[in-house]
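Novice: next input, structure requested:
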Amino acid sequence: NKFLSNHKNPKNEIEIALVGKYVSLHDSYKSITEAFTHAAATCETSVKVRWVYSGDITEDNVGEQLKGVSGILIAPGFGDRGILGKIIAANFARRNNIPTLGICLGMQIMAIEFARNVLGYEKADSAEMDLTTPHPVISLMEDQKDVSDKGGTMRLGAWKCDIKEGSLAHKIYGKSQILERHRHRYEFNSAYLSEIEKAGLITS
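Specialist: Numbering: from 1, shown residues only. Predicted structure coming up:
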């Protein structure tokens, strides 16, 4: 009853930009928008989604595309279409201190952006997008390197994850170890962990 009351009678409204490449098909991100609804009700607010096609984002228009939003979600996906727009969005969010969540590929985009614009590795990339990149800050998982028959092989199930105390993630979860489900083949390249943390990005 409390959930429904909060959902139907929000005290505030915020707008979150959902940056992805399937924004014309809203059901592609159904789980994300449902999560917005549930989280918003818990916070006695409502969420207006601004659908932003990453393929349309440029250095010249990113300020207008993301102007005034309370937060940005960089959506999951695969393939290189719309990638540059997502990187530009992540850069804009970081420079303007806009709360941003990157899910799966979205998180990888945020790492690539940081490597390019903070560490100075202009050609930093994901090995999924560019096998020749001199700085693969996102690389293929070791146990996926010999996998040729994909599909079900990606379903890695629950993964034990240690959360860094004092981080925002620790505050949100309220614990130091969690179990989360993942379905992916590429991950952050730990060879860059020390350098990225020295530059100020907390890997929580």
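
Novice: what's the lowest-mean-pLDDT helix or strand in the chain packed up against?
Specialist: Least confident element among the helices and strands of the chain, by mean pLDDT, DSSP states H and E: strand 155-162 (a mean of 80). Contact analysis of strand 155-162 by 3 or more CB pairs under 8 Å, 6 or more residues apart in numbering; DSSP states H and E lists strand 177-183 as its packing neighbours. C-beta here means a position set from N, CA and C on the backbone, and glycine is covered the same way.

Novice: hang on, the earlier thing: specify the angle between the least confident helix or strand of the chain and strand 177-183 in degrees.
Specialist: With axes from the mean of the first three to the mean of the last three CA atoms, to 10 degrees applied, the angle from strand 155-162 to strand 177-183 works out at 160 degrees.

Novice: who's in contact with whichever helix or strand comes after strand 155-162?
Specialist: As assigned by DSSP states H and E, the chain's next helix or strand after strand 155-162 is helix 168-173. Helix 168-173 has contacts (CB atoms under 8 Å, 6 or more residues apart in numbering) with 163-164, 176, 204.

Novice: partner strands of the least confident helix or strand of the chain, with direction?
Specialist: Strand pairing for strand 155-162, using DSSP bridges, gives strand 177-183 (antiparallel).

Novice: please enumerate the helices of this protein.
Specialist: With DSSP state H as the criterion, the chain has helices at 2-8, 30-42, 62-65, 83-95, 105-117, 168-173, 193-198.

Novice: what about Glu197, neighbour count?
Specialist: 11 (other CB atoms under 10 Å).

Novice: which residues sit against stretch 119-126?
Specialist: Residues contacting stretch 119-126 (CB under 8 Å, 6+ apart): 108, 112, 115-116, 130, 133-139, 186, 192, 195-196, 199.

Novice: show me where this protein dips below the pLDDT cut-off.
Specialist: Low-confidence segments of the chain, defined by pLDDT under 70: 142-156.

Novice: in stretch 92-99, what's buried?
Specialist: Neighbour counts over stretch 92-99 (16 or more other CB atoms under 10 Å) mark 92-94, 98 as buried.

Novice: and those residues, which is closest to Glu13?
Specialist: In terms of CB to CB, no member of the buried residues of stretch 92-99 lies closer to Glu13 than Ile98, at 17.0 Å.

Novice: contact partners for that closest one?
Specialist: Neighbouring residues of Ile98 by CB under 8 Å, 6+ apart: 66, 69-72, 92.
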